[in-house]
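Chemist: Fold the following and give me the result.
(one chain, ligands or ions: 1)
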Amino acid sequence: MSNRSFTQHALSDWMQGTGPDADIVISSRVRIARNLLGHPFPMLATNQQSQEVMERLTSVGNSGRLNEIGRFETIPLSDLNELERRVLVEKHLISPNLANESRCGALVLSDNESVSIMVNEEDHLRIQCLYPGFQINEAWELASRIDDIFEEEADYAFDERRGFLTSCPTNVGTGIRASVMMHLPALVMTQQINRILSAITQVGLAVRGMYGEGSEALGNLFQISNQITLGQSEHEIIDNLHSVAKQIIEHERAARERMMQQESRVRLEDRVFRSYGILSHASIMDSKEAAQRLSDVRLGIDLGLIRDVSPQVMNELMVLTQPGFLQHTFNEKLNMDQRDIRRAELIRQHLGRKSDHGGV
Ligand SMILES: Nc1ncnc2c1ncn2[C@@H]1O[C@H](COP(=O)(O)OP(=O)(O)OP(=O)(O)O)[C@@H](O)[C@H]1O
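Modeler: Purely as a prediction, here's the structure:
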């Protein structure tokens with residue numbers, strides 16, 4: 001199967017489990033949506049028009065202007081097979097929308113996979129920067145630098161009153177979505193999560209699942225992002241998200257501490273080690289159960305209950321156990337039942353129980 005560098009490893013640099021508050025914030029992301037003046041939005045464009053946009057924008061990617069930031073590769077989506085595109089979605093590097101757009105879509109990807117620039121997705125240009133842990137300001141600064149580089153080379157569609165024009169009205173204005181991916185198991189276990197999530201939506205933030213819009217919040221992972229792009233400056237958007245995320249971190253930490261102190265500790269330990277045991281020995285594991293049990297073990301690691309597994313292994317398993325990556329790893333097409341068996345096998349291997357099932 002594929003030798004593309006992004007398929008060689010599941011863990012991008014920003015998924016290494018490092019960075020500030022990494023026990024709760026997996027990653028921080030800023031994406032900027034932009035469109036070129038005088039060109040129809042991708043959904044209305046002809047092949048010829050989309051081709052022109054792709055050439056215009058990838059030429060900036062190839063011009064060396066991005067060298068000050070890192071090494072970049074431009075990948076036309078038409079060069080990728082279906083599985084490679086799926087792997088990119090599972091690594092959060094492209095959207096399902098772009099994966100389906102193999103005509104004139106392209107990806108400009110940095111070698112550490114922290115910057116992925118999508119061309120001809122919902123908008124002509126989507127610049128995405130990902131950082132490990134709670135580093136939303138850093139993600140914003142980098143995204144803004146890249147935006148400046150493109151703006152020097154290409155005329156953006158901009159309206160004095162409305163701001164940057166985007167294909168979906170929800171992005172008009174700044175065109176920015178800033179988000180943090182948070183692991184909030186203690187708030188879920190102590191049943192505080194619904195109250196907190198509803199408070200979050202009241203201050204103009206949106207809550208989504210691990211794979212963004214329309215995805216379920218599996219494995220106690222919640223993506224919290226700004227809902228509003230109009231009427232607020234970029235700095236206000238980032239500051240608002242930063243301060244709300246900080247408060248959620250404090251609540252999650254307090255809930256963890258309480259669970260570790262009271263009689264509930266034994267229940268917590270039972271849950272963590274039960275999940276660890278099941279992950280280490282099960283023969284069949286569907287994706288929902290895997291996400292939940294990986295969340296329990298991750299919490300056990302973060303609380304110091306489990307010491308012989310690293311947080312990186314948990315992040316790696318989150319990606320490796322996705323359908324596309326599983327098929328890539330085992331180099332075969334797998335139906336759902338086969339995937340559940342292979343998923344269990346892979347998890348056992350990563351948790352160091354290689355010999356349990358006849359030496360898999
Ligand atoms: N903080 C984050 N860390 C890692 N991945 C993230 C983070 N925030 C979003 N993502 C990923 O980015 C992808 C797109 O997410 P989402 O659909 O929420 O945003 P979007 O496509 O930029 O927004 P829009 O709905 O406005 O088009 C998804 O795979 C999602 O998991």
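Chemist: which regions of the stretch 51-200 of the chain lie under the pLDDT threshold?
Modeler: Scanning the stretch 51-200 of the chain for pLDDT under 70 picks out the ranges 102.
Chemist: Which residue does the stretch 101-250 of the chain have closest to the ligand?
Modeler: Nearest residue of the stretch 101-250 of the chain to the ligand: residue 212, at 2.5 Å (CB to the nearest ligand atom). Just so you know, the C-beta spots here come from the backbone N, C-alpha and C atoms, and that holds for glycine as well.
Chemist: The biggest strand by length in the chain pairs with which strands?
Modeler: Longest strand in the chain by number of residues, with DSSP state E as the criterion: strand 25-34. Sheet pairing for strand 25-34, assigned by DSSP bridges, gives strand 125-132 (antiparallel), strand 176-183 (antiparallel).
Chemist: Contacts for the one helix or strand residue 147 maps to, please.
Modeler: For residue 147, the enclosing helix or strand under DSSP states H and E is helix 136-153. Residues outside helix 136-153 that contact it (CB atoms under 8 Å, 6 or more residues apart in numbering) are 28-32, 34, 57, 59-60, 63, 65-66, 69, 114-115, 117, 125, 127-131, 156, 176, 178, 180, 234, 238, 241-242, 245.
Chemist: picking up where we left off before, wondering if the longest strand of the chain reaches the ligand at all.
Modeler: Yes: using CB under 6 Å from any ligand atom, strand 25-34 reaches the ligand at 27, 28, 29, 31.
Chemist: follow-up on the earlier one: now the angle from the helix holding residue 147 to strand 176-183?
Modeler: 150 degrees (axes from the mean of the first three to the mean of the last three CA atoms, to 10 degrees).
Chemist: List the buried residues in helix 136-153.
Modeler: For helix 136-153, the neighbour count (16 or more other CB atoms under 10 Å) marks 136, 137, 138, 139, 140, 142, 143, 144, 146, 147, 149, 150 as buried.
Chemist: As TSV, those with distance to the ligand would be great.
Modeler: Below are those laid out as TSV (distance: CB to the nearest ligand atom, whole Å):
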residue	distance to the ligand
136	8
137	14
138	13
139	8
140	12
142	14
143	11
144	16
146	15
147	14
149	20
150	17
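Chemist: Residue numbers of the stretch 151-300 of the chain in contact with the ligand?
Modeler: So far as CB under 6 Å from any ligand atom goes, the stretch 151-300 of the chain lies against the ligand at 171, 177, 179, 180, 181, 208, 210, 211, 212, 213, 223.
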